[in-house]
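next comes the sequence, and after it the predicted model I'd like to discuss.
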There are 2 protein chains.
Amino acid sequence: MSKPQRIIEAARKRFRYYGIQKTTMQEIAQDAGIAVGTLYLYFSNKDELVVACAEEFVEHHRAEVEAILALRCPADEKLRKYVAARFRQARDIRSNSRHAVEIARAVLRVKPDRLEEEGLLMWDAISKILKLGVEQRVFTIANPADDAKIFLYSIAFFFPNALNEPRVPPTEEELLSVVNWFIGAWKGQRAAAKKRSREL
Amino acid sequence: MSKPQRIIEAARKRFRYYGIQKTTMQEIAQDAGIAVGTLYLYFSNKDELVVACAEEFVEHHRAEVEAILALRCPADEKLRKYVAARFRQARDIRSNSRHAVEIARAVLRVKPDRLEEEGLLMWDAISKILKLGVEQRVFTIANPADDAKIFLYSIAFFFPNALNEPRVPPTEEELLSVVNWFIGAWKGQRAAAKKRSREL
């Protein structure tokens, strides 16, 4: 790992376990195995480290999209994999730290367009998967970007952020029921059902 | 209006303009034009009035469902009307009072199953509209109750409660884009598109 990567990793762990307020630049430098003077060469305050951690999530997301697009499998399988991976990551971020709310607030303060950026990234990823599905002749979709947007709204309920965690957390099973319904519609199972009902 | 109805109406207005904490039983009695002793014959404290106000919303919702089901129009139009009416009511509740959060908290404290009840009512209403659509031969749906559930998840993002109002409030236009997509799928426009693409 490069020095900045080691620093970001150390900051991420400290923020997660102790929260941002209770973490000092000194502790982060210590965990990263560098002098605090060196740390300041890369990041001049905790806010910059919060931004760096958030950007790392975006990078991880981008890499995940690339990996899923590169898989040799049908688009419907890619879509399920992608949505489930996003769901698990969002759930882990919300629940794996007692400081999730503090961190979410800090991220939105230093990077106010964070949620929009995440939404656009998901929209782009889903559009690409749907287009691939059309090329693979798995899906019948007139306008993949439009349908990707509808799909994104339709699964948005399953992606609350730490600031508005609902009383009953959404489940992966319910999410997949929605994903599978859309896949059925795009695969034209509804068309088949209509054909059947006409023949009766 | 009956005496209890007048009381509930007076309480609702006071809660909305001044919040629950700042409202007294004396003021509610005054606004309803009755003696406070009479008020206590019907409601022994503010919590009971909060429950009564919440129940009135449920009654209003039920009446709305009946009215929309009774309209002489196709099921897709009923669905649009119903969802738009729900959206507007939810938005008004969230934004028409500076005390929306206090009221939402109080309602969930005295009636913890309020949101589930609302969800079940919507599920039932949508199931009925979809079934009607199948009878009218407007929709092709194998299992209306299943599809109603998927549809409900898909529009849930547009119905945040006052406790988790998002930074960017959802719009009716976006909601209707989702509703229209589903209507298209249920009407089998996707089937037509598939047929076209096969003929090319």
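Happy to help now that I have it. Numbers count the residues shown, from 1 in each chain, chains lettered A, B, ... in the order given.

pop out the phi and psi values for A:Val168.
Per-residue torsions, A:Val168: phi -110, psi 110 (degrees, to the nearest 10).

nope, A:Ala90 is what I was after
phi -60, psi -40.

shouldn't A:Ala85 be in contact with A:Glu64?
Yes: counting by C-beta atoms under 8 Å, A:Glu64 is a contact partner of A:Ala85 at 6.1 Å. Glycine gets a C-beta too; all of them are placed from N, C-alpha and C.

do you know how far the residue nearest to A:Glu27 when sequence neighbours are not counted is from chain B?
Residue nearest to A:Glu27 in three dimensions, not counting chain neighbours: A:Arg14, with 5.9 Å by C-beta to C-beta, 6 or more residues apart in numbering or on different chains. Distance of A:Arg14 to chain B, given as C-beta to the nearest C-beta, to the nearest Å: 27 Å.

kindly report the same for A:Leu175.
A:Leu175 is 8 Å from chain B, by C-beta to the nearest C-beta.

what does A:Val178 give?
From A:Val178 to chain B the distance is 5 Å (C-beta to the nearest C-beta).

what sits against that residue?
Residues in contact with A:Val178, defined by C-beta atoms under 8 Å, 6 or more residues apart in numbering or on different chains, are A:Ser154, A:Ile155, A:Phe158, B:Ile150, B:Tyr153, B:Ser154.

try A:Ile93
A:Ala100, A:Ala162.

how near is it to B:Arg167?
17 Å (C-beta to C-beta, to the nearest Å).

same check on A:Ile20?
20 Å.

okay, the two: which has more neighbours?
The neighbour comparison of A:Ile20 against B:Arg167 (other C-beta atoms under 10 Å in any protein chain shown) goes to A:Ile20, with 20 against 11.

tell me the pLDDT at the more buried one?
pLDDT for A:Ile20: 95.

helix, strand, or coil at it?
coil (DSSP: H, G, I helix; E, B strand; the rest coil).

identify the residue nearest it in space, chain neighbours excluded?
Going by C-beta to C-beta, 6+ apart, A:Ile20 has A:Ala106 as its nearest residue, at 5.2 Å.

check contacts around that neighbour.
A:Ile20, A:Asp47, A:Val50.

returning to what we had before: residues in contact with the helix or strand containing the residue nearest to A:Glu27?
If you go by DSSP states H and E, A:Arg14 is part of helix A:3-18. Here helix A:3-18 makes contact (C-beta under 8 Å, 6+ apart) with A:1, A:23, A:27-29, A:31-34, A:38-39, A:42-43, A:46, A:49-50, A:52-53, A:56, A:96-97, A:99, A:103.

ok, A:Met1 - how many residues close by?
9.

do you know how far it is from A:Glu55?
16 Å.

using the three-state scheme, assign the spatially most central residue of chain A.
Per C-alpha atoms, centre = their mean, the C-alpha nearest to the average position across chain A is that of A:Arg86, at 4.3 Å. At A:Arg86 the chain is in helix, as set by three-state DSSP.

what segments of chain A are strands?
In chain A, no strands are defined using DSSP state E.

what is the neighbour count of A:Ala84?
14.

what does the lengthiest helix in chain A contact?
The residue-count maximum for a helix in chain A (DSSP state H) belongs to helix A:46-70. Helix A:46-70 is contacted from outside by A:4, A:7-8, A:11-12, A:15, A:20, A:23, A:25, A:28, A:43, A:78, A:81-82, A:85-86, A:103, A:106-107, A:110-111, A:114, A:117-118, A:121, A:124-125, A:128-129, A:132, using C-beta under 8 Å, 6+ apart.

need the buried ones from the contacts of A:Val178 selected in ChimeraX.
Here is the ChimeraX command that selects the buried residues among the contacts of A:Val178 (16 or more other C-beta atoms under 10 Å in any protein chain shown):
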select /A:154,155,158 /B:150,153,154
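
just give me the closest of the contacts of A:Val178 to B:Gly188.
B:Ile150 (16.6 Å; C-beta to C-beta).

who are the neighbours in contact with the closest one?
Counting by C-beta under 8 Å, 6+ apart, B:Ile150 has contacts A:Ser177, A:Val178, A:Trp181.

still on that earlier bit, which members of the contacts of A:Val178 are the farthest-apart pair?
Farthest pair in the contacts of A:Val178, by C-beta to C-beta: A:Phe158 and B:Ile150, 12.3 Å.

A:Leu176 contacts A:Lys81, doesn't it?
No: judged on C-beta under 8 Å, A:Leu176 makes no contact with A:Lys81 at a distance of 11.1 Å.
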